[in-house]
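Chemist: Just need the structure, nothing else, for what follows:
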Amino acid sequence: MRKIILSVILITILLLSIFSISFVTESKTLGAHVVELKMDTGDTAWMVVATAFVLLMTPGLGFFYGGMVGKKNVISTMLQSFMAMVIVTILWVVIAFGLCFGPSIGGFIGDPTSNIFFQGVSANTAWELAPTIPFILFALFQAKFAIITPALITGAFAERVRFWAYLLFMVLFILLIYAPLCHMTWHPDGMFFKWGVLDFAGGTVVHMSAGWAALAGAIFLGKRKVQKVNPARITYVLLGTGLLWFGWFGFNAGSAVGAGSLAAQALGTTTVAAASAAMAWVFLDKILGHKLSAMGACIGAVVGLVAITPAAGFVSIPHALAIGIIAAVISNIVVSKFPKGKIDDALDVFACHGVGGMVGMLLTGVFASKSVNSVVGDNEGLIFGDATLFLTQLKALVLVSIFAFVSSYILFFIVNKITPLRVTEEKEELGLDISQHGEFL
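Modeler: As a prediction, this is how the structure comes out:
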């Protein structure tokens with residue numbers, strides 16, 4: 001049956017792409033929030049580079065996760081990230097971009113029909129909020145955010161998930177969870193956008209959605225047969241952290257959608273938060289009587305990168321330093337107190353990405369300043385004496401958390417009914433590299 005389904009998918013996409021001219025025509029008029037391009041070659045050059053930076057984060061994540069799991073699951077874990085680049089790219093072009101940025105349906109989701117197979121996504125027009133770069137470049141930049149989000153989730157159910165079931169979950173997650181959150185947060189007609197929720201580069205859309213989905217997956221799949229394994233390659237973790245940190249400059253500074261002062265500010269806050277979080281993590285480990293470890297330094301840096309993501313273009317450099325320290329301390333405590341004997345979040349995705357994203361969202365509501373970004377307006381952060389933005393961020397945080405967790409759990413349930421999510425005990429014992437892919441280190 002699977003062979004038939006895969007054959008049908010391949011043939012359908014091939015035929016639709018070949019004969020798309022018969023049902024997809026370039027729009028003669030500009031759609032909602034699509035404007036005439038005011039080309040700036042500097043902005044365009046930077047965004048091409050930023051797009052490549054963000055894509056590099058996903059193989060970087062593969063190394064980061066791959067080095068943490070046991071030796072017999074390294075290839076499978078890394079391949080899960082790599083295949084996100086493959087599957088989500090196709091999905092994004094065919095329908096997902098329209099769901100995220102198409103004409104709004106009630107402020108919750110976009111209408112995909114206007115952008116199916118990238119209809120209307122031209123190199124000669126622009127998105128309203130990024131008028132100096134081609135629309136197609138904006139669309140491809142956003143694709144990289146969609147790619148890395150399901151890849152982040154894989155760390156929670158590492159070493160026990162069936163590969164084909166993961167691919168199905170990834171498709172459903174993008175269409176039914178990522179797309180609504182993206183639309184509500186970043187589309188000018190989106191519900192959260194109209195509320196005034198500030199999420200510069202993906203605190204809600206990427207990290208909270210992935211973190212809560214990871215927790216749902218860990219609960220649904222249950223514990224591994226052997227939870228404590230020696231990391232296969234800590235050098236992979238170090239390499240992955242370096243690639244993530246490098247790519248995150250595109251992730252955050254690229255979200256300024258231009259090569260201006262805001263991009264420079266976001267780049268600065270990003271690197272400062274990562275450094276302060278790494279420092280806080282290893283210092284706290286030492287205070288608690290643990291050794292200063294490479295793993296701890298890497299995890300701390302990534303937590304800082306996660307936490308600064310929603311705030312990167314809204315806060316000052318000193319406040320970015322504070323965000324990194326606060327996020328690292330909170331995530332470190334959550335990791336140490338997480339009920340690992342009951343819930344097997346293999347690589348602490350919820351404690352790092354979920355909690356880090358939530359801390360970042362709330363601290364955006366504390367430290368956001370109109371002196372950094374005029375978009376903040378009069379409702380500045382809590383530290384400036386106004387609680388309005390903080391309460392707005394808190395309200396969005398609660399709604400996103402409920403939606404992402406409940407919806408993800410339902411998706412895991414549905415996928416499991418279609419095809420079993422978890423490998424058998426025998427295949428888990430053998431290792432996913434051999435049992436799922438016939439390969440080994």
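Chemist: pLDDT on stretch 193-201, on average?
Modeler: Regarding stretch 193-201, the rounded mean pLDDT is 97.
Chemist: excluding its backbone neighbours, what's nearest Lys194?
Modeler: Gly107 (6.7 Å; CB to CB, 6 or more residues apart in numbering). Backbone N, C-alpha and C define where each C-beta goes, glycine included.
Chemist: so where is the stretch 101-250 of the chain shaky, pLDDT-wise?
Modeler: Low-confidence segments of the stretch 101-250 of the chain, defined by pLDDT under 70, are absent.
Chemist: Do a quick rundown of the helices in it.
Modeler: Counting by DSSP state H, counting those that start in this stretch, the stretch 101-250 of the chain has helices at residues 135-153, 163-173, 179-186, 191-195, 209-221, 234-253.
Chemist: now the fifth one, how far from the chain's geometric center?
Modeler: Spelled out, it's helix 209-221. Remark: helix 209-221 is offset 14 Å from the chain centroid, using CA atoms, centre = their mean, to the nearest Å.
Chemist: counting contacts, what elements does it pack onto?
Modeler: With contacts taken as 3 or more CB pairs under 8 Å, 6 or more residues apart in numbering; DSSP states H and E, helix 209-221 sits against helix 135-153, helix 349, helix 355-367, helix 388-418.
Chemist: can you tell which of those is closest to Ala259?
Modeler: Ranking those by distance to Ala259, with CB to CB as the measure, places helix 135-153 first at 12.8 Å.
Chemist: between the closest one and helix 388-418, how many degrees?
Modeler: 70 degrees (axes from the mean of the first three to the mean of the last three CA atoms, to 10 degrees).
Chemist: which stretch among the helices of the stretch 101-250 of the chain comes nearest Ala273?
Modeler: The closest of the helices of the stretch 101-250 of the chain to Ala273 is helix 234-253. By CB to CB, the value is 9.4 Å.
Chemist: Can you name the secondary structure element that comes next after the closest one?
Modeler: Heading C-terminal from helix 234-253, the first helix or strand you meet, by DSSP states H and E, is helix 261-287.
Chemist: what angle do that following helix and helix 355-367 make?
Modeler: Counting by the same axes, to 10 degrees, helix 261-287 lies at 120 degrees to helix 355-367.
Chemist: okay, now Thr392: neighbour count?
Modeler: 17 (other CB atoms under 10 Å).
Chemist: Look up how far Glu36 lies from it.
Modeler: 33 Å (CB to CB, to the nearest Å).
Chemist: Turn the helices and strands packed on helix 209-221 into JSON lines, including distance to Trp195.
Modeler: Formatted as JSON lines, the helices and strands packed on helix 209-221 follow (distance: least, CB to CB, whole Å):
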{"stretch": "helix 135-153", "distance to Trp195": "21"}
{"stretch": "helix 349", "distance to Trp195": "27"}
{"stretch": "helix 355-367", "distance to Trp195": "12"}
{"stretch": "helix 388-418", "distance to Trp195": "6"}
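Chemist: how about these, which one is nearest Lys337?
Modeler: Set against Lys337 and scored by CB to CB, these come closest in helix 355-367, at 11.1 Å.
Chemist: Now do the closest one: distance to the chain's middle.
Modeler: The answer for helix 355-367 is 16 Å, by CA atoms, centre = their mean.
Chemist: so what does it touch, helix or strand wise?
Modeler: Using 3+ CB pairs under 8 Å, 6+ apart, helix 355-367 is in contact with helix 209-221, helix 294-308, helix 317-337, helix 388-418.
Chemist: Enumerate the positions of the longest one that are buried.
Modeler: For helix 388-418, a neighbour-count test (16 or more other CB atoms under 10 Å) marks 389-390, 392-393, 396-397, 399-401, 403-405, 407-409, 411-412, 415-416 as buried.
Chemist: can you check stretch 277-297 too?
Modeler: 277-285, 295-297.
Chemist: Closest one of those to Phe163?
Modeler: For those, the nearest to Phe163 is Met295 (26.0 Å; CB to CB).
Chemist: Okay, that closest one and Arg233: tell me how far apart.
Modeler: In terms of CB to CB, Met295 sits 11 Å off from Arg233.
Chemist: Likewise for Ala126?
Modeler: On the measure of CB to CB, Ala126 and Arg233 end up 43 Å apart.
Chemist: more crowded one of those two?
Modeler: Counted by other CB under 10 Å, Ala126 and Arg233 do not tie: Ala126 has more neighbours, with 25 against 17.
Chemist: Report the contact partners of the more buried one.
Modeler: By CB atoms under 8 Å, 6 or more residues apart in numbering, the contact set of Ala126 is 34-38, 132-135, 138.
Chemist: one more time with 10 Å
Modeler: 30, 33-39, 132-138, 257 (CB atoms under 10 Å, 6 or more residues apart in numbering).
Chemist: what does Ala328 give?
Modeler: Ala328 makes contact with 273-274, 276-284, 296, 299-304, 307, 352, 356, 359, according to CB under 10 Å, 6+ apart.
Chemist: shared neighbours, Met295 and Arg233?
Modeler: Taking CB under 10 Å, 6+ apart as the contact rule, Met295 and Arg233 both touch 67-68.
Chemist: separation between the closest residue to Val237 other than its chain neighbours and Ala328?
Modeler: Distance criterion CB to CB, 6+ apart; nearest residue to Val237, sequence neighbours excluded, is Gly67 at 3.8 Å. Noted for Gly67: a distance of 20 Å to Ala328, by CB to CB.
Chemist: And for Ile418?
Modeler: Between Ile418 and Ala328 the computed distance is 39 Å (CB to CB).
Chemist: Ala123 now?
Modeler: Taking CB to CB, one finds Ala123 at 42 Å from Ala328.
Chemist: Over to Ala294?
Modeler: 16 Å.
Chemist: Could you count how many residues lie near the residue nearest to Leu391 when sequence neighbours are not counted?
Modeler: Once flanking residues are discounted, Leu391 sits nearest to Gly365: 7.5 Å by CB to CB, 6+ apart. Using other CB under 10 Å, the number of residues around Gly365 comes to 29.
Chemist: Identify the residues contacting Gly365.
Modeler: Counting by CB under 10 Å, 6+ apart, Gly365 makes contact with 197-198, 310-311, 314, 379-383, 386-394, 396-397.
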